[in-house]
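Chemist: got a sequence here, can you model it:
(chains A and B)
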Protein chains: 2
Amino acid sequence: MSGSGKEHIIKSYDDELARLTGEIVRMGELSITQLEAAIDVVERRDERAAQHVVINDDAIDQLEQEISHDVVRLLALRAPIAGDLRNVFAALRIAADIERIGDYAANVAKRSIPLSMVAPIAPTNGLGHLAELAAAEVRDVLIAYRDRDAERAYQVWKDDADLDEAYTGYFRQLLTYMMEDPRNITPCTHLLFMAKNIERIGDHATNIAENVWFQVNGEPLTAQRSKRDYTSSPEMPTLGDKSE
Amino acid sequence: MSGSGKEHIIKSYDDELARLTGEIVRMGELSITQLEAAIDVVERRDERAAQHVVINDDAIDQLEQEISHDVVRLLALRAPIAGDLRNVFAALRIAADIERIGDYAANVAKRSIPLSMVAPIAPTNGLGHLAELAAAEVRDVLIAYRDRDAERAYQVWKDDADLDEAYTGYFRQLLTYMMEDPRNITPCTHLLFMAKNIERIGDHATNIAENVWFQVNGEPLTAQRSKRDYTSSPEMPTLGDKSE
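Modeler: Modelled structure (predicted):
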């Protein structure tokens, strides 16, 4: 009897963890939808739709709150240790990263509103390309998390260098527009912050990848990513900053 | 005997929480020192000192790791509930906010390096003013956290509007420099990202204030901060964004 009781508790813990993973993956998918919607409103210059994206971000924040509650309940009821505790903490950190991905997507939508009023000619297609790369990273890292696939997570971690490179290219392009005509400065300032937001989404995807790696292997992902070093160039703003 | 045993456990939990609070306050003080050092290197255009600030950020990251470990140990050993659990989670969130404040300070220092190579005339004194406001917010909210002083936390939360306003003013000033002379565009782009970093430090101070409020009162700080609404102006980039 006591054996089956223990089994029941273990099964139930696994069930709760599986439910938590499912919630986080859904939250992540919502953040991708938000990013895609944000880029769509930038291209269509649709102010009403932009406000819709901003409001929808509340749903992601709400999900993070629920996940935090679930984690607290799980900790209080099960007092998990070692590997289980690692899983629970990874869930908490990954949910926080997704919440911020949602914030960045909402910021992109928000900035499209003033942009639609001032910028008839600013190039926005580069932004769409950055968003595609970022969305692919988030999508892949969610699969890696769902499947506890450390190799797939590592691939996302490496792929982020492509997004960094695309960001740098777009940034340089915007600078030339600003230099050509002072009337481009204000719209391009919006675009460079929007581009930075998307570049940061990639950083959060790599954070999630690091968490998945640690969860699976029990040790940090120490390999050094081959960071392209643009930072020493006086012509370019410092890239690859943390938390900007 | 069993009564005194229980007392011993309770005292020990309080001791551990006090130690945790102390660690977090020290971590916060380190982040203020980093911000002040970052502004100092911007003003002196000292590349070597800037790299020093960037490297020092590791110490803050290290402290956050240690605090996370302490929290895990506390959860595993004590399995705290209700109010105690709230304190422990607040500690975790506040440490994460401070870690990001440290990141922003390091980013300011990092961007001063390319800035020192291109910009003989760009106005940096506005940046120092922003940093003073931000440092004051962080300093105050740490005291509020240490003393569990909800009113003081609320004051910080309100004060952040002043930083937002100063940020807007500096941003406008930078735009005029960029419009006057295309050679100002690259240095001013650095400065506007640096200013944004400092504005974000204020947002994290308000996050900490919200956590202190919740910790003390057990309910969220729901009052709406009197946000100045610049966002609808087509002349200005969207302000007050989350996580930018």
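
Chemist: what residues of stretch A:176-187 count as buried?
Modeler: A:Y177, A:M178, A:M179, A:P182, A:R183, A:N184, A:I185, A:T186, A:P187 (16 or more other C-beta atoms under 10 Å in any protein chain shown). Backbone N, C-alpha and C define where each C-beta goes, glycine included.

Chemist: check stretch A:128-140 too.
Modeler: By neighbour count with 16+ other C-beta under 10 Å, stretch A:128-140 contains the buried residues A:H129, A:L130, A:A131, A:E132, A:L133, A:A134, A:A135, A:A136, A:E137, A:V138, A:D140.

Chemist: can those residues go into CSV with extra columns for secondary structure, pLDDT and distance to chain B?
Modeler: CSV is the format used below for those (DSSP: H, G, I helix; E, B strand; the rest coil; pLDDT from 0 to 100; distance: C-beta to the nearest C-beta, whole Å):
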residue, secondary structure, pLDDT, distance to chain B
A:H129, helix, 96, 20
A:L130, helix, 97, 15
A:A131, helix, 97, 16
A:E132, helix, 97, 21
A:L133, helix, 98, 19
A:A134, helix, 98, 14
A:A135, helix, 98, 17
A:A136, helix, 98, 21
A:E137, helix, 98, 17
A:V138, helix, 98, 15
A:D140, helix, 98, 22
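
Chemist: picking up where we left off before, also near chain B: which of the buried residues of stretch A:176-187, exactly?
Modeler: Filtering these for neighbours of chain B using C-beta under 8 Å from any C-beta of the partner chain leaves A:M178, A:M179, A:P182, A:I185, A:T186.

Chemist: the third one contacts B:M179, doesn't it?
Modeler: Yes - A:P182 sits in contact with B:M179 when judged by C-beta atoms under 8 Å, with a separation of 4.3 Å.

Chemist: which other helices and strands contact the worst-scoring helix or strand of chain A on mean pLDDT?
Modeler: The helix or strand with the lowest mean pLDDT-type score in chain A, counting by mean pLDDT, DSSP states H and E, is helix A:2-44 (a mean of 82). When contacts are defined as 3 or more C-beta pairs under 8 Å, 6 or more residues apart in numbering or on different chains; DSSP states H and E, helix A:2-44 sits against helix A:47-78, helix A:82-118, helix A:125-147, helix A:185-217.

Chemist: let's have these in TSV, adding distance to B:T33.
Modeler: Putting those into TSV (distance: least, C-beta to C-beta, whole Å) gives the following:
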stretch	distance to B:T33
helix A:47-78	31
helix A:82-118	26
helix A:125-147	34
helix A:185-217	25
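
Chemist: nearest to B:E47, out of those helices?
Modeler: Counting by C-beta to C-beta, B:E47 lies closest to helix A:185-217 out of those; the figure is 23.4 Å.

Chemist: quick one: list the elements packing against that closest one.
Modeler: Where contact means 3+ C-beta pairs under 8 Å, 6+ apart, helix A:185-217 is packed against helix A:2-44, helix A:82-118, helix A:125-147, helix A:150-180, helix B:150-180, helix B:185-217.

Chemist: quick one: buried residues of it?
Modeler: Across helix A:185-217, burial judged by 16+ other C-beta under 10 Å covers A:185-216.

Chemist: how about stretch A:153-172?
Modeler: By 16+ other C-beta under 10 Å, the buried positions in stretch A:153-172 come out as A:153-154, A:156-157, A:159-161, A:163-164, A:166-168, A:170-171.

Chemist: I'd like the mean pLDDT over it, please.
Modeler: In this model, stretch A:153-172 has a mean pLDDT of 96.

Chemist: and what of stretch A:102-112?
Modeler: Stretch A:102-112 comes out at a mean pLDDT of 95.
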